[in-house]
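**Q** any chance you could fold what I've pasted below:
(chains A, B and C)
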Amino acid sequence: MNTAHNEPQTPNLAASPVEVADLTVAYSRRPVLRDINLMLPEGQLIAIIGPNGAGKSTLLKAIMGILPLSTGEVKIFGKPLEEQRGLVAYVPQRGSVDWDFPTHVLDVVLMGRYGTLGLFQRPGKTDREIAWSCLSKVGMEEFARRQINQLSGGQQQRVFLARALAQEAEIYLMDEPFAGVDAATERAVIALLRELKSQGKTVVCVHHDLQTIPTYFDHVVLINMHLIANGPTTTTYTSENLRRPMGEA
Amino acid sequence: MSTTFWILLTACLTGIACGPIGCFLVLRRLVMMGDAISHAVLPGIVVGYLLTGVRDPFIMLAGALGVGIITAWLTGIVHHVGQVDEGASMGVVFTLLFAIGVILVSAYTGQVDLDADCVLYGEIAYVTWDTFQIGSTDMGPRAVWMLGGIVAMNVIFIVMFYKQLKICAFDPELASSLGIPTGVFHYLLMTMTAMTVVAAFESVGAILVVAMLAVPAATAYLLTRHLWFMLILSAVIGCLSGLLGYGLAALFDSSISGAMAVAAGILFLLAILFSPHHGIAVLWARRLLHNR
Amino acid sequence: MWEQTLRFFSLQDANVRYVVFGSILLAGATGVLGCFAFLRKRSLLGDAIAHATLPGVCLAYLSTGSKEPYVLLLGAIATGWLGTLCVDWIRRFSPVKEDAAIGIVLSVFFGAGILLLTTIQSMGQASQAGLDKFLFGQTASLMKRDILILGGLAFFLCVVCFLAFKEFKLLCFDVEFARSIGLPVRLLETVLTTLVVAAIAIGLQMVGVVLMAALLITPAAAARQWTDNLTRMVWLSGLIGAFSGVAGSFISSLAPRMPTGPWMVVTLSILFGLSLILSPQRGYLTRLFRHTQTRTTIAAENILSTMYRYAEPNGRFLRPVSVRDILRYRSLTSVGALTVLRSLKRQGLVSETRGGWLLTELGIKSAENLLRRHRLWELYLTEQLNIPPHRVHRSADEVEHWITQDQEDQLVSLLDSPLRDPHEREIPQRKDE
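**A** As a prediction, this is how the structure comes out:
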């Protein structure tokens, strides 16, 4: 029934960047995700898709340890998340923060360095240089001192991406990076994701636009409370599989 | 009739006046607006006193309503011009108005028979000192008449507009799509709140009014899912808080209004623990039985 | 009065020195911590915490019989914390919403405080008088010892804030991200809440329980108007708090019965009001100015395009257009139109001749720019969005002022470099310089 069971039974543990086993997540006792078993390939662009309320963002947050797991475990390159946090960067949804917060663009990007800094330690010169170069990668250098409340939606998304880049991680988890951005930003973002891929990084995106999936992503994960399918886009992104999550919704 | 009777009657009437109005505040998530109005009413009452020199309930009502409207207006300005979130805007405005009220009370202590204590927790124990007379007949304490009047008005208001209030509380967008003037009902509700607050002010003071507005209503909210029953229940619980509070106050030899708030809090705690749908203890017991 | 002022500000009186020094430290620390409560949108929770401290103060006194500041402070912090937890629990374990939870905790705890306070009063203990000041605050009654303990604690709070500034900032801005990089969010939240509760307990001594919310919220809200930089905002908020502390104690030193707290609140509110009006980025005056400026720009652009349309059908740009001609198409007063025309003249876009006004070469060019955008937009609406031609003019009239060069280029390429608008009028083409 579940395509997840079609996965090879003896995977190379050390190679899988994200491995999820028997994962269940519940909000106030009502399960949102049930029995998810998942193994993601390395160095690919991966889309998580599914209908509204299917638990896509929840899956991302659960992998990232932002939400408590009811059962199951998450392994990053074969080790528990706690030991590997530095290898994973997370890009939340744009709407999840208050953009009227008193701070500027460079400062937000610098927050990406906080994970490597110790408690009470201030960001230093190296951190600043990294932040600047990440800003230039997303084409936002000239906005470095701009207040974040003066940014457009696409610019906000780029700032968040730059912050994730500043983490210098191996795995990037992004919650709807293409939602509500302009065409120019969408092109810039996808170019950036492809560059990350060419460096051997793994990128996982929650994605809404079904049309762009075949062109943007190599691998798809279909979920609707539980795992529907997981595999390369060419074989998994089929109308048969797509009908399944909708039918069971 | 005995003083105790009048005090108990006042306490009960306060509960009955505040409970049902509080229900709508709780449902519309406007409890803190009720808090803001109850603070802000103070300068209105004091200015009313100072201008006329008499304790005329109508002047007090007018002053309080005026300040109530100013509160809503200023909160809006701070929220929009200052881009400050709504809670903080409210906090800024009502503390200022209350501070002005306290300053006026301190500056004119001789001329206003109000003092800081009365502002905070009313003087329900002294209700019988200020009676209402027609001709030479003593009609009982003025506070009872005033609260009684407000109870009657609230009942009329709620019965007349029950349908509209219900839809506005449940789904304001649906209400406006059905052609109900939600704005008008919002301000009507705020007006009724301000009037209730003024009436209750003398017996329980400016801050503890909030206890009578919020706590019995929230308790009723935990106990039932039917609006009409919630309204009745909140009045009953308000009443009960008054009676229990009187007992508590006698026990500790303390302020009655403080004790009323505590009594209401105890009833709320019981509801949180034992409410049939959501009670923590009930859910826990159910799970225990289920597991066995 | 002058003498009193002099005596206060010369700081000769040792008592005055303590009061001034104390208010700067206490109100300053509260202002600093208030920023974090404000930015987390937990201002009203602060109000509930403040009210919840009253029973703690009374219980501490009842159980120890002492009025030592640290005893009362500990009591206040304990029940203040309990109040926060109660709001949290009510929200988590019942369907009651946050606003009601705050209202319930605020009023029930305060009621309990009043109950205890009046019980202590009725016990007839002479020493209870000191507890009264927790209702409205009384800086003048602070003794050297109080100031040392409270001021020391205030200083400590500021130091912790300084050390963990980076973490607190992230906590306020983006909790999920903070969690994702492995910051101990739960611990940091606990520390921050403790700091805020402690700041409230400290501030109580000055403004009292009832008005404490102002000392927490108003300085932060005022500081927010002046800066978009968190560090500066925190400093400024502390300064505003400190200033109100000194001002409040000064005013209450003038009249014996005047309470300090309410005057501090009034001072704070005046500062906040001024910030709201005067701040350069968000202030009311700036907005008013920007608004007027935009309106003038729009009026000027409207006049230019109207003048252009008069000349367009026959290309007679040398025939003067009178103010009355303009008013036929634009809802302006003649005085307003004249003012705008004069400012256009100063910019060299129009010239004045006998019988009216003429577009200069520069004026023609900028009018063409406007008309091009206007007509491109009309074409876009009819062709791409299938809106009937007679309904597109009004929208284009508004949008023409806001279309940027980039958007214009996009429209041109989208519509395949069109020559005529839906009303068959010519679209002025961009001339390459």
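**Q** who touches stretch C:298-315?
**A** C:317, C:319, C:321, C:325-326, C:329-330, C:332, C:336-337, C:340-341, C:343-344, C:349-350, C:357, C:359, C:363-364, C:366-368, C:370-371, C:374, C:400-401, C:425 (Cβ atoms under 8 Å, 6 or more residues apart in numbering or on different chains). Any C-beta I mention is one placed from the backbone N, CA and C, and that applies to glycine too.
**Q** contacting residues around C:Lys345?
**A** Per Cβ under 8 Å, 6+ apart, neighbours of C:Lys345: C:Ser351, C:Glu352, C:Trp357.
**Q** filter these down to the buried ones.
**A** Among the contacts of C:Lys345, those scoring as buried are C:Trp357 (criterion: 16 or more other Cβ atoms under 10 Å in any protein chain shown).
**Q** among the contacts of C:Lys345, which are in reach of chain B?
**A** Applying Cβ under 8 Å from any Cβ of the partner chain to these, one finds that nothing falls near chain B.
**Q** closest to chain B among the contacts of C:Lys345?
**A** Nearest to chain B among the contacts of C:Lys345 is C:Trp357, at 38.5 Å by Cβ to the nearest Cβ.
**Q** which of the helices or strands spans that closest one?
**A** strand C:356-359 (DSSP states H and E).
**Q** likewise A:Met174?
**A** Using DSSP H and E, A:Met174 falls in strand A:171-175.
**Q** how about the residues of chain A by chain B?
**A** Within chain A, the positions near chain B by Cβ under 8 Å from any Cβ are A:Asp100.
**Q** what's the burial count for the closest residue to chain B within chain A?
**A** In chain A, the residue that lies nearest chain B is A:Asp100 (6.3 Å; Cβ to the nearest Cβ). Neighbour count for A:Asp100, taken as other Cβ atoms under 10 Å in any protein chain shown: 14.
**Q** again with A:Thr103
**A** 21.
**Q** which residues touch the closest residue to B:Val204 other than its chain neighbours?
**A** Computed as Cβ to Cβ, 6 or more residues apart in numbering or on different chains, the closest residue to B:Val204 that is not its neighbour in sequence is B:Ser257, at 4.0 Å. If a contact means Cβ under 8 Å, 6+ apart, then B:Ser257 has B:Tyr121, B:Gly122, B:Ile124, B:Ser203, B:Val204, B:Gly205, B:Leu208, B:Gly245, C:Gly111, C:Ile114 as its contacts.
**Q** from A:Gln93, how far off is the spatially most central residue of chain A?
**A** Central residue of chain A (Cα atoms, centre = their mean): A:Leu173, 1.7 Å from the mean position. Distance of A:Leu173 to A:Gln93, computed by Cβ to Cβ, to the nearest Å: 12 Å.
**Q** now the residue in chain C that chain B sits nearest to: phi and psi?
**A** Distances between chain C and chain B by Cβ to the nearest Cβ are smallest at C:Gly111, namely 2.3 Å. Dihedral angles of C:Gly111 (phi, psi; degrees, to the nearest 10) stand at phi -60, psi -40.
**Q** just checking, it touches B:Gly265?
**A** Yes: counting by Cβ atoms under 8 Å, C:Gly111 sits close enough to B:Gly265 to count as a contact (6.9 Å).
**Q** before we move on, the earlier item: now the helix or strand following the strand holding A:Met174 - C-alpha only, PDB.
**A** Next helix or strand after strand A:171-175 toward the C-terminus (DSSP H and E): helix A:183-198. Output of helix A:183-198 as PDB, limited to C-alpha atoms (Å, rounded to 0.1, in the frame of the first residue of the first chain):
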ATOM      1  CA  ALA A 183       8.900  36.100 -10.800                       C
ATOM      2  CA  ALA A 184      12.400  37.600 -10.400                       C
ATOM      3  CA  THR A 185      12.700  36.300  -6.900                       C
ATOM      4  CA  GLU A 186      11.400  32.900  -8.000                       C
ATOM      5  CA  ARG A 187      14.100  32.700 -10.700                       C
ATOM      6  CA  ALA A 188      16.800  33.900  -8.300                       C
ATOM      7  CA  VAL A 189      15.700  31.300  -5.600                       C
ATOM      8  CA  ILE A 190      15.700  28.400  -8.000                       C
ATOM      9  CA  ALA A 191      19.100  29.400  -9.400                       C
ATOM     10  CA  LEU A 192      20.400  29.500  -5.900                       C
ATOM     11  CA  LEU A 193      18.900  26.100  -5.000                       C
ATOM     12  CA  ARG A 194      20.500  24.600  -8.100                       C
ATOM     13  CA  GLU A 195      23.800  26.100  -7.100                       C
ATOM     14  CA  LEU A 196      23.400  24.500  -3.700                       C
ATOM     15  CA  LYS A 197      22.700  21.200  -5.400                       C
ATOM     16  CA  SER A 198      25.800  21.500  -7.500                       C
END
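**Q** so what does helix A:183-198 touch, helix or strand wise?
**A** Contacts defined by 3 or more Cβ pairs under 8 Å, 6 or more residues apart in numbering or on different chains; DSSP states H and E place helix A:183-198 against strand A:45-49, helix A:153-166, strand A:202-206.
**Q** how about these in TSV, adding mean pLDDT?
**A** As requested, the helices and strands packed on helix A:183-198 are exported to TSV (pLDDT from 0 to 100):
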stretch	mean pLDDT
strand A:45-49	93
helix A:153-166	92
strand A:202-206	94
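**Q** residue numbers of chain A in contact with chain C?
**A** Proximity of chain A to chain C (Cβ under 8 Å from any Cβ) is limited to residues A:61, A:64-66, A:82, A:85, A:88-90, A:92, A:96-98, A:101-104, A:108, A:111-112, A:114-115, A:117, A:119-123, A:147, A:149, A:163, A:167.
**Q** helices - which of these land there?
**A** A:Lys61, A:Glu82, A:Val108, A:Arg163 (DSSP state H).
**Q** sort those residues by pLDDT and name the bottom one.
**A** Scanning these for pLDDT, the low point is A:Glu82. It has 85.
**Q** was I right about that residue contacting C:Gly182?
**A** Yes: applying Cβ under 8 Å as the test, A:Glu82 and C:Gly182 come out as touching, 7.4 Å apart.
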